[in-house]
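Undergrad: return atomic coordinates for the entry below.
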Amino acid sequence: MAQQGAALQNYNNELVKCIEDLCSKRDELQRQIMVEEEEKHKLQNDIRVLSEKLAKVNENLAKKISARNEFDKTIAETEAAYMKILESSQTLLNVLKRESNSLKKNDSDDLRYEN
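TA: The predicted structure is shown next:
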């Protein structure tokens, strides 16, 4: 009976040791879980902050692109109007030259007839 008691005591000691090992492994695992959950929360916060910054950048970018497009439109319209002015100026210059030459011709014809 003493042998059975000793064997039972050994089984009990081994069982307690196994339970302690399992508890130790569980505690280590719990510590790792807490570290990773803390990292997860930090990363989620970083993502939230970066998402807010990205939204602001996208909003500002959209406004600036719209303003640039308005500049492009104004520049194109101004350049087109300026080209029309240049064409009109060239036409006017050609008409003035023609009229001037015509007047000079008439003056020279008048002078010839007077002599």
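
Undergrad: and Leu61, how many neighbours does it have?
TA: Neighbourhood size, Leu61 [other Cβ atoms under 10 Å]: 10. Where C-beta positions appear, they are placed from N, C-alpha and C, glycine not excepted.

Undergrad: and what of the one 4 residues further on?
TA: Using other Cβ under 10 Å, Ile65 is surrounded by 10 other residues.

Undergrad: helices and strands around the strand or helix carrying Asn10, which ones?
TA: Per DSSP states H and E: Asn10 is located in helix 2-114. Using 3 or more Cβ pairs under 8 Å, 6 or more residues apart in numbering; DSSP states H and E, no helix or strand is in contact with helix 2-114.

Undergrad: for that helix, what is the distance to the chain centroid?
TA: In terms of Cα atoms, centre = their mean, to the nearest Å, the centre of helix 2-114 is set 0 Å apart from its chain centre.

Undergrad: just for this structure, where's the confidence low?
TA: For the chain, applying pLDDT under 70 flags the ranges 107-115.

Undergrad: redo that, cut-off 80
TA: Residue ranges of the chain with pLDDT under 80: 1-2, 5, 104-115.

Undergrad: name the residue closest to the centre of the protein, please.
TA: For the chain, the residue nearest the mean C-alpha position is Asn58 (5.3 Å; Cα atoms, centre = their mean).

Undergrad: how far away is that residue from Cys23?
TA: 51 Å (Cβ to Cβ, to the nearest Å).

Undergrad: and for Lys63?
TA: 60 Å.

Undergrad: do Ser88 as well
TA: Noted for Ser88: a distance of 96 Å to Cys23, by Cβ to Cβ.

Undergrad: and what of Thr78?
TA: Thr78 is 81 Å from Cys23, by Cβ to Cβ.

Undergrad: could you do Asn12 as well?
TA: According to Cβ to Cβ, Asn12 stands 16 Å off from Cys23.
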